[in-house]
Structures are given as structure tokens and as C-alpha cells.
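J.: Curious how this folds, go ahead:
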Amino acid sequence: MGHNHNHKKKPKCPNCGLEFDFNFEETKKRSIAKSISFRLVEIGVAATVMFLIIGNLELAVGLVLIEEGTCFLLGYIWERIWNRIPWGKIVVSTNWKNR
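T.: Numbering: from 1, shown residues only. Below is the predicted model of the structure:
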């Protein structure tokens, strides 16, 4: 008599009861979009603060662009490294199956 030793039940939707499987990996395009959008917000805030401190808009923007460009590259690398670490990820369904 063959037994299925995998007794782990698939998660079910609490609303409809459908079972689901999960298959997710963040794309490089998504990591880039997240990094760019966050950096644009940071650039605006940093340039404003820098201008208020030094009083020279051109210098403030130049310094912020150098700093933020470097941080953008490091942020992208950081995201890609963390994408490989399974700790802290939760199951979310994209593939629904009927009961």
C-alpha cells in the first residue's frame, strides 16, 4: 500500500477555501523601480536639507547627486542580496487550484 509521506497540507484561502501554491521571486526590473522611486524621494529631501544648511542650491544639488548616485548602486546590490535570503518571507499565492 503506497503512502504519501508528505502530509503537509496546502494553505487555503480563508474566504473561498481554495488551495494555493506559491511561486514568487522579485524581478530585477522591480528592484530597479523600487530603488529609483525611493531615491527620487531621498534626493528631494536631501537637496532641501542641504540647501537650507549651506545656502547654495547648485552646490547642494551637486553634492546630493553624488551621494545619492552612490547610494542608489549600493541599494540595488543590497536588495538583490536580500532577495536571496529566505528569512522573513511569507507565503503568498499566485497559483490557485480548485479543491
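J.: Around residue 50, how many other residues sit close by?
T.: By the criterion of other Cβ atoms under 10 Å, residue 50 has 19 neighbours. For the C-beta atoms, the positions are set from N, CA and C on the backbone; glycine is no exception.
J.: swap that for residue 60, sorry
T.: 19.
J.: Wait, it touches residue 44, no?
T.: No: proximity of residue 60 to residue 44 does not meet the contact threshold set by Cβ atoms under 8 Å, at 11.6 Å.
J.: Now do the helices in this protein.
T.: Using DSSP state H, the helices of the chain run over residues 28-54, 57-83.
J.: could I get the ones you listed as a markdown table with distance to residue 17?
T.: Output for those, formatted as a markdown table (distance: least, Cβ to Cβ, whole Å):
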| stretch | distance to residue 17 |
| --- | --- |
| helix 28-54 | 31 |
| helix 57-83 | 32 |
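J.: Serialize those to JSON lines and add fields for distance to residue 91 and mean pLDDT.
T.: Shown next, in JSON lines, are the helices of the chain (distance: least, Cβ to Cβ, whole Å; pLDDT from 0 to 100):
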{"stretch": "helix 28-54", "distance to residue 91": "19", "mean pLDDT": "90"}
{"stretch": "helix 57-83", "distance to residue 91": "16", "mean pLDDT": "91"}
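J.: Would you mind telling me which of the ones you listed is nearest residue 90?
T.: Ranking those by proximity to residue 90 (Cβ to Cβ) places helix 57-83 first, at 14.4 Å.
J.: If we go by neighbour counts, what in the closest one is buried?
T.: 60, 64, 68, 71-72, 75-76, 79 (16 or more other Cβ atoms under 10 Å).
J.: Tell me the one of those residues nearest residue 19?
T.: Nearest member of those to residue 19, counting by Cβ to Cβ, is residue 79, at 31.1 Å.
J.: Now for the closest one: which residues touch it?
T.: Contacts of residue 79 were listed using Cβ atoms under 8 Å, 6 or more residues apart in numbering, and they are 26, 31, 34-35.
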